[in-house]
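*Asks:* I would like to see how this sequence folds:
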Amino acid sequence: MGIKELCKDYEKGLIVLVCIILWIVVYFATNMASKGRATHSLPQVISSLPFAPEFVLVYFSCFFLVLMPYFFVKGKENFRKVAYSYIAVVLISAAVYLLYPIEVMREKIISQGIFHKMVAWLYAIDYPYNSFPSLHVGLSVLAALSCYKFNKKASLIFGFWAVLIAVSTLFIRQHYFLDIIGGALLAVVVFWFYQKRC
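*Replies:* Below is the predicted model of the structure:
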């Protein structure tokens, strides 16, 4: 690998790092800012799903899916558009969280099983306020869309992966169904804007 290729990889890695740091800082800052404020709730469109703590593994897999564009998106300009899309989804979501905080009604953890403990740990570090739109779903869908032009087969797999992540948010009581719809729609709109208009 030559110097030019190493520089490109370094730049891509730096962009990824900036996006991850922004995601973490903005998410937790807005979540903590909603603590103690008046919150709202959304209708539970799907109320018959059981609590399934095993899905916490699928939920956490989002942090791997959102990295996939790093490996599949080719070209500096294309990758920058993806980065801008990620940043836009995070910032728009954060604005909604601050303007209209939604509180999710979570499960009371009683069992001491390993998956129950993982969900309890998640609940402990992640306050239940940053609900609509779901960033987990938005960024997962955005990752799948971003890879489509470069590897359609992989993108379809990532799309299925994103659906599983969306479902996992319901099974572990991290989101309402409408949060999923909001996150997915936000990802599609932002992706279209940066790919078609910019």
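*Asks:* Quickly find the element holding the most centrally placed residue in the chain.
*Replies:* Central residue of the chain (Cα atoms, centre = their mean): residue 136, 2.2 Å from the mean position. Element membership of residue 136 [criterion: DSSP states H and E] is helix 135-147.
*Asks:* looking just at contacts, which helices and strands does that helix meet?
*Replies:* Judged by 3 or more Cβ pairs under 8 Å, 6 or more residues apart in numbering; DSSP states H and E, the packing partners of helix 135-147 are helix 3-33, helix 62-65, helix 68-72, helix 76-99, helix 152-171, helix 177-192. Any C-beta I mention is one placed from the backbone N, CA and C, and that applies to glycine too.
*Asks:* Next, the angle from the fifth one to helix 177-192.
*Replies:* What that stands for is helix 152-171. Orientation check (axes from the mean of the first three to the mean of the last three Cα atoms, to 10 degrees): helix 152-171 against helix 177-192 gives 150 degrees.
*Asks:* Please export the alpha-carbon coordinates of helix 152-171; CSV is fine.
*Replies:* C-alpha atoms of helix 152-171 as CSV (Å, rounded to 0.1, in the frame of the first residue of the first chain):
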residue,chain,number,x,y,z
LYS,A,152,-26.0,-4.4,-3.7
LYS,A,153,-25.8,-7.9,-2.2
ALA,A,154,-24.1,-6.7,0.9
SER,A,155,-26.5,-3.7,1.2
LEU,A,156,-29.5,-6.1,1.1
ILE,A,157,-28.0,-8.1,3.9
PHE,A,158,-27.4,-4.8,5.8
GLY,A,159,-31.0,-3.9,5.2
PHE,A,160,-32.2,-7.1,6.7
TRP,A,161,-29.8,-6.5,9.6
ALA,A,162,-31.3,-3.0,10.1
VAL,A,163,-34.8,-4.5,10.2
LEU,A,164,-33.6,-6.9,13.0
ILE,A,165,-32.1,-4.0,14.9
ALA,A,166,-35.4,-2.1,14.6
VAL,A,167,-37.4,-5.1,15.9
SER,A,168,-34.9,-5.5,18.7
THR,A,169,-35.7,-2.0,20.0
LEU,A,170,-39.3,-3.2,20.6
PHE,A,171,-38.4,-6.5,22.2
